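J.: Make a model of this:
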Amino acid sequence: MDLDIYWSGLLVLVPVVAIVAGQESVLSLVRGTSEKRELDPLDDGAKKLQWTFLRVYLLVVGSEWLQNPFMYSLFRNEKMLDEATVAMLYITTYVTAAVSALFTGYLTDRFGRRRACLVFCGIHSLAAVSVCFDELPILILGRVLGGIALTLLWTAFESWLVAEYNERGFAQSSLSLSSMFGNMATSKCITAIFTGVLGHYVVQALGSKIHPFILSVVLDLSAVVLMTRTWNENWGFNSIAGADMNDNKAAEAQKQLLSSKSMTSLRDLRVWTMSFVACCFEGTIFLFMFFWPETLQDAHDREHPEQNDVIPHGVIFASFMAIMVLGALLFNLLVADPNSRHQQPTRHTWTPTQCLMGALMVSAICFSAAAFVREELGLFISFLVLEVCNGIYIPSVAYHRGTIVTDDARARIYSLMNIPLFVFVVIALRIANGSGADTGGRGEPVFLLCAALLLVAALVSSMYLHVENPNPEGFSEIPSQGLAGVDLNTHTRLGAELNPGIEEL
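T.: Sure, this is the predicted structure:
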């Protein structure tokens, strides 16, 4: 079978991911039975916070991933919309995301991060329901709601987690923020694989690509139930006082949001550096997701001109997600955890910034290779290595963004940092749509452009992002505003929701 390179890749990657991901759990179990030590209360609390967050976050991410792989084909094939209309719907999503980023972050910080997450579930569900209708105005309204939901997904949830982590003093626990983000990225990739396969079988069983969107509403509602029962509200203040949370606390938060002190992070050059880096990396990943199907198909057709078959998009996508898990696990392996009781003192470790710069440079090499390599296997390998870099990038940027942005206006800063990325995506969609539906023959210059952007991003990060300590010894308190601890020595940021919409499984 000529397509065995894709199936073989997936069949190799899945057990490797399972073995590597399970290794840490097995080692922890062995250490626990051999040492019989008592669990530190801080460690126990940090692990409970991680579980409380992940079970909600993975539900909403799963809801998003039930929709993304089927959105294009639903609009194009089931609803029979022309290519220009489909592109307009996608552009509507990202234009709305860019515009809403100007105010959703402020509203999130003012009225509470948990409330914003609940609002996300409601808006996201309405956006999913909109695809049940064929009227174009309703579809456009659904994409407007989807753009607002996208901004909230990329800001509110992470803001809530970092604020809770800081406010509860878990920076002194053995579960570092970098490890937590690494676990988040790993879990997110696995969720993407699972929901993609689930959505595929839902479509096969029920016969329409609308049904994964309806199923996503169920996941959103489940997340709402969990949040209302297990999440505290926070505004970025030291508000983990349980019953002490009252209207005076909310009023204090809202008052300080209006002050100039709440936006001090915008004067930090590292914030703008991370916004630029995120725009370059996540923007190039968006272009990659747009061009890889046709690039691999063209390579396959050149090597097998006698055949008239289609490469298995779902299998390739599952391989990308699987190897992204390895990237996230590699980040956890590379980054030092000074609080860990089991860290080998002689093991060489990397800082999160070094991981970020390494991911940027290797990604640039992968794009350069993709621009010149003509063989199908070579292209597939370069794309797999690129996804490893993607897996490293996500937790490293999330960790640094969590440390350089102060808690008092975290969601607002996160939203503003995403605006350049949304603008980049809109411009890319306009250019791609203006060039016609066929992407064949245009991948090479685009990949070279991506490589150049990533090299510039790596240079900028090396100039303005410096980490003297691999993992800071906790977070320094800011006594003037009673804020949770924020590290003042480390740097960077996260950005992407895994990958934008692609072909269905």
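
J.: Can you classify the residue of the chain most remote from its centre as helix, strand or coil?
T.: Taking CA atoms, centre = their mean, the residue of the chain most remote from its mean C-alpha position is residue 306, at 40.2 Å. What DSSP: H, G, I helix; E, B strand; the rest coil gives for residue 306 is coil.

J.: tell me the phi and psi of it?
T.: phi -80, psi -10 (degrees, to the nearest 10).

J.: Begin at 46, not 1, for the rest of this chat.
T.: All set: I'll call the first residue 46, so the last point we hit is now residue 351.

J.: so how far is residue 339 from it?
T.: Distance of residue 351 to residue 339, given as CB to CB, to the nearest Å: 20 Å. Every C-beta, even on glycine, is put in place using the N, C-alpha and C of the backbone.

J.: list the helices and strands whatever helix or strand residue 174 lives in packs on?
T.: Assigned by DSSP states H and E, residue 174 falls within helix 158-174. Using 3 or more CB pairs under 8 Å, 6 or more residues apart in numbering; DSSP states H and E as the contact test, the elements touching helix 158-174 are helix 86-118, helix 149-156, helix 181-212, helix 256-275.

J.: Could you save those helices as JSON lines and add columns showing mean pLDDT, distance to residue 330 and mean neighbour count?
T.: Formatted as JSON lines, those follow (pLDDT from 0 to 100; distance: least, CB to CB, whole Å; neighbours: other CB atoms under 10 Å):
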{"stretch": "helix 86-118", "mean pLDDT": "90", "distance to residue 330": "14", "mean neighbour count": "20"}
{"stretch": "helix 149-156", "mean pLDDT": "87", "distance to residue 330": "23", "mean neighbour count": "23"}
{"stretch": "helix 181-212", "mean pLDDT": "93", "distance to residue 330": "14", "mean neighbour count": "23"}
{"stretch": "helix 256-275", "mean pLDDT": "96", "distance to residue 330": "22", "mean neighbour count": "18"}
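
J.: With distance to residue 403 as added columns, please give those helices in JSON lines.
T.: Listed next are the helices and strands packed on helix 158-174 as JSON lines, based on distance: least, CB to CB, whole Å:
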{"stretch": "helix 86-118", "distance to residue 403": "26"}
{"stretch": "helix 149-156", "distance to residue 403": "30"}
{"stretch": "helix 181-212", "distance to residue 403": "23"}
{"stretch": "helix 256-275", "distance to residue 403": "34"}
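
J.: so which of those gets nearest residue 508?
T.: Nearest to residue 508, of all those, is helix 181-212, at 25.7 Å by CB to CB.

J.: Remind me what the following helix or strand past the closest one packs against, helices and strands.
T.: Sequence order places helix 222-251 as the next helix or strand after helix 181-212, per DSSP H and E. Judged by 3+ CB pairs under 8 Å, 6+ apart, the packing partners of helix 222-251 are helix 49-80, helix 86-118, helix 181-212, helix 256-275, helix 358-379, helix 421-449.

J.: Tell me which residues of helix 222-251 come out buried.
T.: 222-238, 240-241, 243-245, 247-248 (16 or more other CB atoms under 10 Å).

J.: Now do that helix against helix 181-212, angle only.
T.: Here helix 222-251 runs at an angle of 150 degrees relative to helix 181-212 (axes from the mean of the first three to the mean of the last three CA atoms, to 10 degrees).

J.: Check the offset of helix 222-251 from the chain's centre.
T.: Counting by CA atoms, centre = their mean, to the nearest Å, helix 222-251 is centred 12 Å from the centre of its parent chain.

J.: now swap in stretch 219-228 and tell me
T.: 15 Å.

J.: Number of residues surrounding residue 352?
T.: 11 (other CB atoms under 10 Å).

J.: confidence score at it?
T.: Confidence at residue 352, expressed as pLDDT, is 74.

J.: Now residue 238: closest residue in space, sequence neighbours ignored.
T.: residue 366 (4.6 Å; CB to CB, 6 or more residues apart in numbering).

J.: dump the residue contacts of that neighbour.
T.: Residues in contact with residue 366 (CB atoms under 8 Å, 6 or more residues apart in numbering) are 234-235, 237-238, 241, 432, 543.

J.: The nearest residue to residue 436 once chain neighbours are set aside: neighbouring residues, count only.
T.: Sequence neighbours aside, residue 372 is the residue nearest to residue 436 in space, at 2.1 Å (criterion: CB to CB, 6+ apart). Residue 372 has 25 neighbours, counted by other CB under 10 Å.

J.: Test my guess that residue 372 contacts residue 435.
T.: Yes: using CB atoms under 8 Å, residue 372 is in contact with residue 435, at 6.3 Å.

J.: intersection of neighbour lists for those two?
T.: Taking CB under 8 Å, 6+ apart as the criterion, residue 372 and residue 435 both touch residue 404.

J.: give me the low-pLDDT residue ranges for this structure?
T.: The chain contains residues with pLDDT under 70 at 46-48, 68-84, 281-311, 359, 381-393, 453, 477-487, 511-550.

J.: Recalculate using a threshold of 50.
T.: 46-48, 78-81, 282-290, 303-307, 383-391, 481-486, 512-550 (pLDDT under 50).

J.: Go through it and flag its longest helix.
T.: For the chain, the longest helix by residue count, based on DSSP state H, is helix 314-348.

J.: Check which residues of that one are buried.
T.: Buried, per 16+ other CB under 10 Å, within helix 314-348: 315-346.

J.: the inter-axis angle of it versus helix 358-379?
T.: Relative orientation of helix 314-348 versus helix 358-379 (the same axes, to 10 degrees): 140 degrees.

J.: Which elements pack onto helix 314-348?
T.: helix 358-379, helix 397-417, helix 421-449, helix 455-479, helix 488-509.

J.: Which strands and helices lie in contact with the second one?
T.: Just to be clear, that refers to helix 397-417. Of the remaining helices and strands, those touching helix 397-417 by 3+ CB pairs under 8 Å, 6+ apart are helix 314-348, helix 358-379, helix 421-449, helix 488-509.

J.: again with the third one
T.: The helices and strands touching helix 421-449, judged by 3+ CB pairs under 8 Å, 6+ apart, are helix 49-80, helix 181-212, helix 222-251, helix 314-348, helix 358-379, helix 397-417.

J.: Just put those in a markdown table and tack on distance to residue 472.
T.: Formatted as a markdown table, these follow (distance: least, CB to CB, whole Å):
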| stretch | distance to residue 472 |
| --- | --- |
| helix 49-80 | 31 |
| helix 181-212 | 16 |
| helix 222-251 | 26 |
| helix 314-348 | 9 |
| helix 358-379 | 24 |
| helix 397-417 | 18 |
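
J.: For residue 269, find the nearest of those helices.
T.: Closest approach to residue 269 among the helices and strands packed on helix 421-449 (CB to CB): helix 181-212, 13.1 Å.

J.: Could you give the number of residues near residue 407?
T.: The number of residues packed near residue 407 is 17, by other CB under 10 Å.

J.: Who are the contact partners of the closest residue to it other than its chain neighbours?
T.: Distances taken as CB to CB, 6+ apart place residue 434 nearest to residue 407, at 5.2 Å, with adjacent residues excluded. Counting by CB under 8 Å, 6+ apart, residue 434 touches 372, 404-405, 407-408, 411.

J.: what comes up buried for the strand or helix carrying residue 130?
T.: Assessed by DSSP H and E, residue 130 sits inside helix 128-145. Buried residues in helix 128-145, defined by neighbour count with 16+ other CB under 10 Å: 130-145.

J.: wait, which of those residues is closest to residue 475?
T.: Taking those together and measuring to residue 475 by CB to CB, the closest member is residue 136, at 6.8 Å.

J.: Next one: residue 268 from residue 170, what distance?
T.: Taken as CB to CB, the span from residue 268 to residue 170 is 10 Å.

J.: right, I mislabeled it, should have said residue 459
T.: From residue 459 over to residue 170 (counting by CB to CB), the distance is 23 Å.

J.: the more surrounded of the two?
T.: For residue 459 versus residue 170, neighbours defined as other CB under 10 Å are more numerous around residue 459 (30 against 22).
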